[in-house]
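S.K.: dropping a prediction and its sequence here:
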Amino acid sequence: MPSAAELAKARMEREKKPFVNLGVYVWPRTPFPYYFPEHIPSPAAENGDAAIARAPVPTELRLTVIIPPAFLPPCRPPKFRLWGGGLPPPPPFLPSAAISPLSRRRIYTDDSNVIECAVHAGLLTWSGVARAKREGRAVRVALALVPTLSSASGAVRGPAGTDGNGSTINGAAINGQANGTASAPRTRTSTPLPLVGSTSDTSNEPAQPVYAGGVWASRFIGGWGEAFYGDPSAGRGEQGGQMSSFEEAEDDGRGCVSCGWGWGHDGSAFEVISVQVVEVGLFPHVTLSYR
C-alpha cells in the first residue's frame, strides 16, 4: 500500500497532465448528468499532424466546482450519498517494478455528493469542512469527467440498426441499454464505444480522435475511503494534534464507506483531482447563476 507522500506525489503528477477545461460551476448548479459528445478534438488533429492523430491523444475533460460556505455541512453527515470510489482487488501476482499500486483511481457516479467524494478520496477532511464553514470560506474541487460504458453499450457507427457497412444489427439500440432496458435519449447524438486509432498507411484520412482520458467506467465498486493526503488547507489544521488515531480515521475517508453500483448508471462519472479551501473573494465573477 503506498504511503501518503507517494500518493501526494502521484496526485501532483496527475494534475500536470493535459486537459480540456469545461469551466467553473457553483454548487448546487452543476452540469450533471453530463453526456460526452461523439467527437472530442485532440491537439494533434488540430495541428494537422496526421501521423500523430492516428493514435488517441490523452484528452481529459475537467471542471471546477465551488461549494460556498452556506452549502457546506457543519459536521459529518449520518448518511452518505456516495456511489463508487472503491478499489478493485490487487492481482494475485504483481511484478516488483509495476506502478499499479500508485494507480489508485477512485471513480464516482456523477450523482454522488461532491464533498463526500472528496472526503472519501482522501483529499478533504470533515474537520476541514467544518472549519471552512465557520470561517466563511469556500471549497474548490477539481473534477475529471469519465464516460460510462453503459451509455454507449448499444451505440453503433452508421444509421440506426446498421453497422458502418450498412449491414443490419439485430437488437441494436442507438442510445445504449441499461440492464436490458433501453434508456431514453437525452442528447441529440449517441455516444459511441471507444475506437482504436488506425495505424494503416494506406488510408489518406487520419483516424477519428476519440476520448482517451485514461479510463472508461463500467461498474462502480464500493468500499472504504482513503486516508487524508491532500492540500494542507483541506486538512485538520491545529485540531489534528488533539485527535486520537480513531478520531483521525473517522475524520477522513477511512471512516467513510461508499455503495457499489452496477451497469445501469445513466450519465457519466468523475474523479476528484484536487481540493482546496479558498477565500470566497478569489472568485468575484462567479455567482450562483453562473454556469
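M.R.: Now that the structure is in, tell me what you want to look at. Numbering: from 1, shown residues only.

S.K.: please count neighbours and contacts with C-alpha atoms only from this point.
M.R.: Fine.

S.K.: low-confidence stretches in the stretch 151-291 of the chain?
M.R.: Where the stretch 151-291 of the chain drops to pLDDT under 70, the residues are 151-218, 240, 263-264, 282-291.

S.K.: let's go with 80 and repeat that
M.R.: Residues of the stretch 151-291 of the chain that meet the criterion pLDDT under 80 lie in 151-219, 237-242, 262-267, 281-291.

S.K.: got it, and the stretch 1-150 of the chain?
M.R.: In the stretch 1-150 of the chain, residues with pLDDT under 80: 1-18, 35-59, 88-104, 148-150.

S.K.: partner strands of whatever helix or strand Val65 lives in, parallel or antiparallel?
M.R.: Using DSSP states H and E, Val65 sits within strand 60-67. According to DSSP bridges, strand 60-67 forms sheet pairs with strand 19-26 (parallel), strand 138-146 (antiparallel).

S.K.: out of the ones you listed, deepest packed?
M.R.: strand 138-146 (a mean of 24; mean count of other C-alpha atoms under 10 Å).

S.K.: can you dump the C-alpha atoms of that one in PDB for me?
M.R.: Provided in PDB are the C-alpha atoms of strand 138-146 (Å, rounded to 0.1, in the frame of the first residue of the first chain):
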ATOM      1  CA  ALA A 138     -15.400  28.000   0.100                       C
ATOM      2  CA  VAL A 139     -14.200  24.600  -1.000                       C
ATOM      3  CA  ARG A 140     -12.800  24.400  -4.500                       C
ATOM      4  CA  VAL A 141     -12.900  20.900  -6.100                       C
ATOM      5  CA  ALA A 142     -11.400  20.000  -9.400                       C
ATOM      6  CA  LEU A 143     -13.100  17.000 -11.100                       C
ATOM      7  CA  ALA A 144     -12.100  14.900 -14.100                       C
ATOM      8  CA  LEU A 145     -15.000  13.600 -16.100                       C
ATOM      9  CA  VAL A 146     -15.100   9.900 -17.000                       C
END
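
S.K.: what comes up buried for stretch 73-92?
M.R.: By neighbour count on 16 or more other C-alpha atoms under 10 Å, the buried set for stretch 73-92 is 74, 76, 82-87.

S.K.: so can I have TSV of those showing secondary structure and distance to Cys256?
M.R.: Compiled in TSV, those are given as follows (DSSP: H, G, I helix; E, B strand; the rest coil; distance: C-alpha to C-alpha, whole Å):
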residue	secondary structure	distance to Cys256
Pro74	coil	16
Arg76	coil	10
Leu82	coil	9
Trp83	strand	11
Gly84	strand	12
Gly85	coil	11
Gly86	coil	11
Leu87	coil	14
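
S.K.: looking at those residues, spot the one nearest Gln242.
M.R.: In terms of C-alpha to C-alpha, no member of the buried residues of stretch 73-92 lies closer to Gln242 than Arg76, at 17.8 Å.
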